[in-house]
Every structure is written in structure tokens, then in C-alpha cells.
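Asks: Provide a 3D model corresponding to the input given below.
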Amino acid sequence: MTKEWNAALYHQISGPQVSWGKKVLSRVELRGNERLLDAGCGTGRLTRDLLEALPRGKVVALDVSQNMLDAARNYLEPDFGGRVEFVCCDLLDLSFENEFDGIFSTASFHWVLDHDRLFRNLYRALRPGGWLIAQCGGGKNIARLLARAERLMATEPYAQSFAGYESPWEYSDGETAAARLKNAGFEQIESNLEEAPTKFANAAEFRQFVENVILRHHLQRISDARERKQFMTILTSEFANDHPPFLIDYVRLNLKARRDLSR
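Replies: Numbering: from 1, shown residues only. Just a heads-up that it's a prediction; the model follows:
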């Protein structure tokens, strides 16, 4: 699976992720001089909000995609200069130790399959007393969309393309996430699922989003361009017949935890 994204397009169509992220960001209480990690910064739309809330602070904007980081740099550096640093890194390879007052992340952790290792890395990156506030996909996130896609994947001419295919996501429930955070050393843990149904205005917007965000890894498996197009045509037509049409059944996993002051 490629780690790269079409960053320019994502910047335009990531309205749902930005909307969820702003709600998460509203839960963050800042002094204004912290050093923070934006873990999975994408093109920097929410990183900008973080920086604006930190007039005397700094943010490390981290993403696994160099395309995303390049877009974030172009978007943020003209206004924030030396207060933002850009790091291309997989969260499973995070090497920071005792570095950050807080870690913020939205719409990223579900792309990381090993959450035990992820949370250990995040814990180690925090200073004693540092906090984690994050949101990602969880529970039965996009279950209806995935069920329809999987039925289609099992039919011809697609079945051979998806032989042995494994999900690129980890969607855990609140209890599992809490146990993993505790095992990593975190305290003051809060975790819960939140339904976030998201409706798209028309077939074109729905198709563009699903094709380039949700099912981008799936569609890479289909080598024939005509078959890829037909796959999305069939899937889009199924959602067009729903009431209401073009509604994606998103479920978000909210996470909040802290590293103990004494550690």
C-alpha cells in the first residue's frame, strides 16, 4: 500500500475530517506556549488552528506522506515560519522521547494497525504530565459502505484482484482502546465512540471522496482503469438509492489520556 496521497485534492475535499477535528480541538486547553505534536497533520488545515492557539508555542507537524507534508509546509510556513517543524515519519517508528507537552491527532490512528506499539510510542514522546487528545475511526465505522464494497469485491471481474486483501484500518471500540492506553502507561483515560453520519451533496462529491480517501487502497488493487471506474459507478449507484442518498455511516473513537507527572 502506498503511503502517498494526492495532497492537493485531499486539501480540497477533507471537509468532514476538518469538521470533526475542530470539535476535537475545542476540547484542548492550552496555555499558549506549549510544544505540541500534530500526529498525522495531513495538509495542515487543523495544524493552522493549533498554531493560532499557540502564540508563544511550537508544533511539530508529522505525517507519513511526504506529499501531505509538502502541502502543509506550503500552507503554513508563510504565516508561522520558525514555529512549525515538519517531520515525515511512520507513527510506529516515532523516536521522540520526553519531547512534547501534548499530542493532538484526528483521522489518523485508524491507519495504524498496531495500536499497542502506537500508544507506547506516543507515551514515550510526551513529557511527564503531558496529554494526548485524539480522534480516529472506531467501532462499526463505515460498516455499511464496507459491506457493500466487500460484496462487490467478491464478484467478477474483481474477485481475483482482491484475493488475500487485508483491511488497511484498525477500528477498535472504546474499551479496547482504553486497555491499550493503560498498558502503554497512560492514566486519566477517557475513550468513547461517537456517531458522525456524513452526507454528501451529490453523486460526484460522494464518488470523489470515496475514491480518493476511503477506498483509495482498495482501488489500487484493480489494475484495469475501466474496471476501477465501473466499481465506483456500481457503488455510487447503490448509495444514490438510499434515503437519504449519499450518507456514509462514520463512527469516531474519541481518546483522551495523560502521562503521569512522576514518570
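Asks: strands along the chain, start to end?
Replies: For the chain, strands defined by DSSP state E occupy the ranges 35-39, 58-63, 84-88, 100-106, 126-137, 187-195, 198-199, 247-248, 251-258.
Asks: now do the buried residues in stretch 97-104.
Replies: Neighbour counts over stretch 97-104 (16 or more other Cβ atoms under 10 Å) mark 99-104 as buried. The C-beta positions use only the backbone N, C-alpha and C, and glycine is treated the same way.
Asks: go on, stretch 214-232?
Replies: When burial is assessed from 16+ other Cβ under 10 Å, stretch 214-232 yields the following buried residues: 214-216, 218-219, 221-222, 228, 231-232.
Asks: and residue 61, how far is that from residue 112?
Replies: When Cβ to Cβ, to the nearest Å is applied, the distance between residue 61 and residue 112 equals 17 Å.
Asks: looking at these two, which one has more neighbours?
Replies: A direct count of neighbours by other Cβ atoms under 10 Å for residue 61 and residue 112 places residue 61 higher, at 29 against 22.
Asks: what about the residue lying closest to that one once chain neighbours are set aside, how many neighbours?
Replies: Spatial nearest neighbour of residue 61, excluding adjacent residues (Cβ to Cβ, 6 or more residues apart in numbering): residue 41 at 3.9 Å. Using other Cβ under 10 Å as the criterion, residue 41 is surrounded by 30 other residues.
Asks: dump the residue contacts of residue 41.
Replies: Taking Cβ atoms under 8 Å, 6 or more residues apart in numbering as the criterion, residue 41 is in contact with 47, 61-63, 68-69, 72.
Asks: same check, this time on residue 101
Replies: Residues counted as contacts of residue 101 (Cβ under 8 Å, 6+ apart) are 34-36, 126-127, 130-131.
Asks: now do 10 Å
Replies: Shown in contact with residue 101 (Cβ atoms under 10 Å, 6 or more residues apart in numbering): 30-31, 33-37, 54, 57-58, 126-127, 129-131.
Asks: who wins for neighbours among those residues?
Replies: With neighbours taken as other Cβ under 10 Å, the top of these is residue 37, carrying 28 neighbours.
Asks: quick check: bridge partners of that one?
Replies: Note on residue 37: beta-bridge partners by DSSP bridges are residue 60, residue 103.
Asks: go ahead and confirm residue 180 touches residue 138.
Replies: No: using Cβ atoms under 10 Å, residue 180 is not in contact with residue 138, being 11.9 Å away.
Asks: name the residue in the two with the higher neighbour count.
Replies: Comparing residue 180 with residue 138 by neighbour count (other Cβ under 10 Å), the higher total belongs to residue 138, at 26 against 21.
Asks: who are the neighbours in contact with residue 223?
Replies: residue 161.
Asks: do the same with residue 235
Replies: The neighbours of residue 235, taking Cβ under 10 Å, 6+ apart as the test, are 145, 148-149, 151-152, 206-207, 210-211, 215.
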